[in-house]
Every structure is written in structure tokens, then in C-alpha cells.
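Trainee: Build me a model:
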Amino acid sequence: MSSNEAEHRQRLFFALWPGEPVREALDAAGKSVLGKRIKRVPASNLHITLAFAGSVSDEVAACLAEGAAGLRLPPFQLEIDHCDHWPRPRIAWIGPTHTPPELLGLVGALRTVFESCGLQAETRAYQPHVTLARKISKLRKDARLHTPVSWSIRSFSLVESVTDPLGVRYQPRVHWRLEG
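Mentor: Next up is the predicted model:
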């Protein structure tokens, strides 16, 4: 099969995609938690992943978009008030101490969409988080999130992960309002 006959694929995930004021607050939180010397995730890439599809065909991408468009779920408030570190995969992150039930409902609904589109849904418990930095052995002992970030969740997005010579960047493709 020639390269132009190869099926087009895209790396997709559903996410909570912050507006500019929340993005700036998340970036400032990252600076306060990690300090100036740590290479952080670029502010333009900050988000909370809801469900990761991976590399999918155009047909599956269309199925995901159609399934997400049919969801009717309520908006909610999210309080990013906790910082932590996962030794494996060496990620520093911030997230909510308490996950709102509406967020868990949204994630559950998206897992159902995945299954209806022929994808394997994640089976691990959902842990909402904003990745601040990768390849971090541990957080400083004094790492704290001094100012919580309040985020009014009114929509969610289908986002494409694009790798180019400058690195990875995330491009929102479609947004859906939460109006349930």
C-alpha cells in the first residue's frame, strides 16, 4: 500500500480545555509548585484529560464526535487545590482533592462512547489532573499549591495531539457545551 493509500489516523483525546484566565492561573500554579528551574509543560498544552483514544481512523474520530455531541450533562465547578507526583511515569501534577460527581459522570459517559465506537475504555479509576512537568524524580519538599484554581466547567473538547519538530502540541478540534 502506498503512503497516499494509507488510512489517515489522528491521535485524539477528550479533555477539559481551559479558557485563557484559567490557563494563566494553571500556569502560575505550575510555577509556584515547581519553581523556575524545572522545564514545565507549555501553558498552551495545559488541560485535564477525560478519556484518551490514541491513534484512530477518521471513521472512529467521526464516531467519537457524534457520540460526544449526543451527551447531555450538567456544567460543574472544579477546584484545583492539590499538587502531587507520580514516581512512575515521573509526572508532577495538580488536581482536585475531591472529584465532583458531575465530572465522574462525564468520564463515564465518554467511556460508553468509546465502547460504542469499538474502542477499549479505560478501566482504572479516574484521577483528574493537569500535568505540570514530565521526567521529574520527585517534588521539592516545600512544593505546595498556595492558591487554588477555581474552574467553572461549561464545556469539553475533542483534542488532537500533533507532533512536529518543535515537540508535541494539542489542538482542540471540537467543543461541546455542558447543558444537561
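
Trainee: Which strand residues bridge the residue nearest in space to the middle of the chain?
Mentor: By C-alpha atoms, centre = their mean, the chain has its centre lying nearest to residue 49, at 2.1 Å. Residue 49 forms beta bridges with residue 15, as assigned by DSSP bridges.

Trainee: Also residue 80?
Mentor: With DSSP bridges as the rule, residue 80 is bridged to residue 149.

Trainee: Spell out the residue ranges of the helices in this structure.
Mentor: 20-34, 58-69, 101-116 (DSSP state H).

Trainee: about what we covered before: please report the distance of the residue nearest to the centre of the chain from residue 35.
Mentor: 25 Å (C-beta to C-beta, to the nearest Å). Yep, even glycine has a C-beta here, placed from its N, CA and C like the rest.

Trainee: mind listing what the closest residue to residue 46 other than its chain neighbours touches?
Mentor: Closest residue to residue 46 apart from its sequence neighbours, by C-beta to C-beta, 6 or more residues apart in numbering: residue 26 at 4.7 Å. If you count contacts by C-beta atoms under 8 Å, 6 or more residues apart in numbering, residue 26 has them with 18, 43, 46, 80, 94, 130, 149.

Trainee: same check, this time on residue 38
Mentor: Contact partners of residue 38, counting by C-beta under 8 Å, 6+ apart, are 92, 133, 136.

Trainee: How about residue 150?
Mentor: Each residue near residue 150 by C-beta under 8 Å, 6+ apart is listed here: 77-80.
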